[in-house]
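[1] fold the following for me, if possible:
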Amino acid sequence: MEINEQRVGIGEVKVAQGKLKLVAAGVGSCIVIMLYDETKRIGGLAHCLLPFGGDMSLKYPRNAIAEMLRQMLFRGASKGNAVAKIAGGATMFEGFKRHGIGKRNVAKAREELKRLDIPIVAEDVLGNWGRSISFNLDNGEIKVRSYRHGEKIL
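    Okay, here's the model as predicted:
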């Protein structure tokens, strides 16, 4: 049986359960944060653009993680069972190295997950290449694909 895919764009959070893949394509300096409750098979994916900002946008890890967790708990997940995986945070162009957006995105995601006491169990972050991420909610498997490094399972 083919599993349906749902794309998650920049500044979006999607939470679902069961036979579905959440996909974030063309991830560069953005950070993609995935939360999963294996016992309920409820998961979420947030595609964050910047480490922080002045509004309540889901483009920032703090707001996106809070919203993802809220939706997961509403669906019956337990915060105590939640684990995180993160991917992205690359420096795509030499000229942007001094801004460190990717590095700062990774640091902010780690900081926020630590603050919420949600363990990061796997990650594929930093570097200078883009990634596409597919999160299978049925089994918690995350595939990270890149032109340069092939496919990695988190």
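[2] now do the same contact list for E12.
    When the contact criterion is C-beta atoms under 8 Å, 6 or more residues apart in numbering, the partners of E12 are A46, H47, L58. (C-beta placed from N, C-alpha, C; glycine too.)
[3] which ones are touching the second one?
    What it means is H47. V8, G9, I10, G11, E12, V13, A24, V27, C30, V32, A64.
[4] name whatever forms a beta bridge with H47.
    V32 (DSSP bridges).
[5] do you know the pLDDT at it?
    Listed pLDDT for H47 reads 98.
[6] do a quick rundown of the strands in this protein.
    Using DSSP state E, the strands of the chain run over 4-7, 13-17, 20-27, 31-37, 42-48, 82-88, 120-125, 131-136, 142-146, 150-153.
[7] where does this protein have low pLDDT?
    By pLDDT under 70, the low-scoring segments of the chain are 1-2, 94-99.
[8] could you measure from the residue nearest in space to the middle of the chain over to A77?
    In the chain, the centroid-proximal residue (C-alpha atoms, centre = their mean) is I33; its distance is 1.9 Å. Taking C-beta to C-beta, to the nearest Å as the measure, I33 falls 15 Å from A77.
[9] next: G54.
    30 Å.
[10] please apply the same query to Q71.
    On the measure of C-beta to C-beta, Q71 and A77 end up 9 Å apart.
[11] swap in G11?
    In terms of C-beta to C-beta, G11 sits 22 Å off from A77.
[12] quick one, which of the two is more surrounded?
    A77 (25 against 17; other C-beta atoms under 10 Å).
[13] just list the residues touching that one, thanks.
    Per C-beta under 8 Å, 6+ apart, neighbours of A77: D37, K40, I42.
[14] generate a PyMOL selection restricted to the buried subset of the contacts of H47.
    This is the PyMOL syntax for the buried subset of the contacts of H47, where burial follows 16 or more other C-beta atoms under 10 Å:
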select buried, resi 8+11+12+13+24+27+30+32+64
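[15] out of the contacts of H47, which is nearest to I153?
    Distance to I153 across these (C-beta to C-beta) is lowest for V32, with 15.1 Å.
[16] how far away is the closest one from A64?
    Taking C-beta to C-beta, one finds V32 at 10 Å from A64.
[17] common neighbours of those two, please.
    Joint contacts of V32 and A64 (C-beta under 8 Å, 6+ apart) are A46, H47, C48.
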